[in-house]
Each structure stands twice: as structure tokens, then as C-alpha cells.
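K.L.:
sequence first, then the predicted structure:
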Amino acid sequence: MPKVPSLGLLLEYPIFDSYNRKVEAVNDKLSPEDLEFRPPINFEIHREAIEKLKETHIYHRMREIEERRAV
């Protein structure tokens with residue numbers, strides 16, 4: 001059983017919970033018009049595009065390489 005993936009690691013989904021909690025505390029003291037205001041990061045709005053990119057560019061290429069190398 002291999003210890004690491006043969007084609008490299010894949011970031012399935014970025015998670016910014018820690019950042020969002022920190023920025024929420026700072027934003028409580030600010031208004032959205034303030035230059036220091038930072039919106040939380042939410043990748044859910046990009047879920048469909050992320051899945052499409054992974055399927056067409058990452059998974060397809062991984063399968064292609066694995067088939068070619070008979071892995």
C-alpha cells in the first residue's frame with residue numbers, strides 16, 4: 001500500500017474557518033465601507049466551478065496518467 005498518492009496531493013476544498021472567525025471579530029468594529037473591512041471567504045458560491053475544474057482538468061489527467069503507467 002503506497003504511503004502517498006503517486007500523482008501528488010489534491011486540495012479537495014479550501015477551508016477558511018479560522019480566517020473567517022478572526023475577520024468577523026475585526027469586522028464587528030467596522031462598517032462595510034471602511035477600508036479595513038474584510039468580507040469572509042466563502043467557496044460555496046464557487047462549488048460548481050470547482051467541481052467542474054477538478055473533473056475536467058485534475059481527475060481526467062490523473063486517470064490518463066494512471067492508465068498510461070498502469071498504476
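P.N.:
Here it is on my side, so go on.
K.L.:
give me the distance between the residue positioned nearest the centre of the chain and R68.
P.N.:
Taking CA atoms, centre = their mean, the centroid of the chain lies closest to P14, which sits 3.0 Å from it. Using CB to CB, to the nearest Å, we find P14 at a distance of 30 Å from R68. Where you see a C-beta, it was placed from the backbone N, CA and C, and this is true even at glycine.
K.L.:
and if you look at E55?
P.N.:
In this view, E55 and R68 are 19 Å apart by CB to CB.
K.L.:
and if you look at N20?
P.N.:
Taken as CB to CB, the span from N20 to R68 is 41 Å.
K.L.:
for those two, work out which one has more neighbours and name it.
P.N.:
Per other CB atoms under 10 Å, whichever of N20 and R68 has more neighbours is N20, with 16 against 8.
K.L.:
before we move on, back to that, relative to E48, how far out is the residue nearest to the centre of the chain?
P.N.:
From P14 to E48 the distance is 15 Å (CB to CB).
K.L.:
and what of M62?
P.N.:
21 Å.
K.L.:
the more surrounded of those two?
P.N.:
Higher neighbour count among M62 and E48: M62, with 17 against 9, using other CB under 10 Å.
K.L.:
list the buried residues of the host helix or strand of that one.
P.N.:
Taking DSSP states H and E as the criterion, M62 maps to helix 60-69. For helix 60-69, a neighbour-count test (16 or more other CB atoms under 10 Å) marks M62 as buried.
K.L.:
kindly report the same for stretch 20-33.
P.N.:
Across stretch 20-33, burial judged by 16+ other CB under 10 Å covers 20, 23, 27.
K.L.:
of these, just say which sits nearest to E33.
P.N.:
N27 (11.9 Å; CB to CB).
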